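**Q** Quick one, what's the 3D model for this:
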Amino acid sequence: MTGIGDVEKRTGISRQNIRYYEKEGLLKPGRNPENSYRRYGDEDVKRLFQIKLLRKLGMPIGEIRRVLEGEVTLGTALAAHQSALKEERKQLKDAADFCGRIQASCLEELQAEEYLAQMELEETRGALFDDFVRDFKQVARDEGKRYFTFMPDTMCLNPREFTDALFAFGEKEGRELVVTKEGMYPEFTLDGVEYEAHRVFSRYGAVVHCVRKGEKLEEIPEKRRRGLRLLYRLIGPAAVLLFVVVIHSRNPEGIPWVLLPVLVMIAAWLGGRYFDHFKE
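**A** So this is what the prediction gives:
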C-alpha cells in the first residue's frame, strides 16, 4: 500500500485528478486506520492506468464508470465510442471544409445568414441520405429473415418426416429451431422468429419454403418500405445486367452482340424468379 504522492509519480496523474476520480466513483482506495489517510494498492494503480488510457481516448467519465462496474463490456463501450468519434471527425471535417468556403476577411463582411442557410441545406441532405441508408439496411435485414428455402434429405411425405427435416435443417445451420405446430404446413421458430412452412416438388426433389409470420417490423412508413423492398429485390437482376455490360465493354469480341438479347432475357427471367421468391 502506498500514498497518493507515490501514485501520482507512478501513473503521471495529478492528485487533483485522482481525487476527482474517487469523487466520481471510479476509484475506491482504502484508509489508514491510524490517520485515515488514503492508501492505494496495486489494483488501485492498475485501475488508474485503465482510467488514464480511456480518458486519453476521449471516453466520458460516465461511460468509464459503466465499464468499471461491469454494466457494459469494454468491447461494447469502445465500439460505441469509436462510432461517436467517427461521427465527430466527419462533423469536424465538414466544419473545416466550410471554413475554407467563407470568403469574408472581417466580421463586417460575413454574410452569416447566407452561410447558415447553406449549412442547414447540406445538413438536411446528409440526414436524408443517412435515413435512406439506415432504412435500406433494415429492409435488407427484414427481407433476409422474411423468406428462405432448403432441400431436405427426404420427400417430407408425412408430418413426421416434415418435422424431422426441419430439425435437421436447424442442426445443420447451427440455429435454434423449435417446431410449434406439426403437420404438412408446420409452424416453427428459428432463433426466436416465427415461420410457417410448406413443401413443393421440383425436378431435383422436395423443396421446403419457409415464410416468416407476422413479425413486428421497424417503424418505417409502408410506402417507403415498399420502395426500398423493390430496390432490394432488383439488386440481383441488376447485377447480372451490369456484369454483361462490363464484360462486353472490356472485351467487345468476348460476347457477340447477337447474344446480348439472350442474356437480357436470362436476366429478366432471373428477375422474375427473384420476384416469385419474395412476392407478398
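
**Q** How about residues contacting stretch 152-166?
**A** For stretch 152-166, contacts defined as C-beta atoms under 8 Å, 6 or more residues apart in numbering pick out 168-169, 177, 179, 182-184, 186, 188, 197, 199, 201, 205-206, 208. Placement of C-beta: from N, CA and C, glycine included.

**Q** got the buried residues for it?
**A** 152, 156, 161-166 (16 or more other C-beta atoms under 10 Å).

**Q** Taking these, tell me the two that lie furthest apart.
**A** 152 and 163 (10.8 Å; C-beta to C-beta).

**Q** May I have the secondary structure class of residue 98?
**A** helix (DSSP: H, G, I helix; E, B strand; the rest coil).

**Q** Which secondary structure element is home to the closest residue to residue 14 other than its chain neighbours?
**A** Once flanking residues are discounted, residue 14 sits nearest to residue 8: 6.4 Å by C-beta to C-beta, 6 or more residues apart in numbering. With secondary structure defined by DSSP states H and E, residue 8 is part of helix 4-11.

**Q** Show me what that helix is in contact with.
**A** 13-15, 18-19, 38, 40, 44-45, 48-49, 52.

**Q** Throw these into TSV and include distance to residue 87 and neighbour count, thanks.
**A** Below are the contacts of helix 4-11 laid out as TSV (distance: C-beta to C-beta, whole Å; neighbours: other C-beta atoms under 10 Å):
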residue	distance to residue 87	neighbour count
13	29	20
14	31	11
15	35	13
18	31	22
19	33	13
38	39	20
40	37	22
44	34	20
45	34	18
48	29	23
49	28	13
52	25	15
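
**Q** Can you flag which of those residues belong to strands?
**A** Mapping those onto strands (DSSP state E) picks out residue 38.

**Q** Which single one of the contacts of helix 4-11 is nearest to residue 64?
**A** Nearest member of those to residue 64, counting by C-beta to C-beta, is residue 52, at 10.3 Å.

**Q** Can you give me the separation between that closest one and residue 198?
**A** 61 Å (C-beta to C-beta, to the nearest Å).

**Q** picking that back up, narrow the contacts of stretch 152-166 to those that are buried.
**A** 169, 177, 179, 186, 188, 197, 199, 206, 208.

**Q** Confirm for me that the first one is in contact with residue 176.
**A** No - with contacts counted by C-beta atoms under 8 Å, residue 169 stays clear of residue 176, the gap being 11.9 Å.

**Q** all helices of the stretch 101-250 of the chain, in order?
**A** Remark: helices assigned in the stretch 101-250 of the chain by DSSP state H, counting those that start in this stretch are 112-146, 159-173, 222-250.
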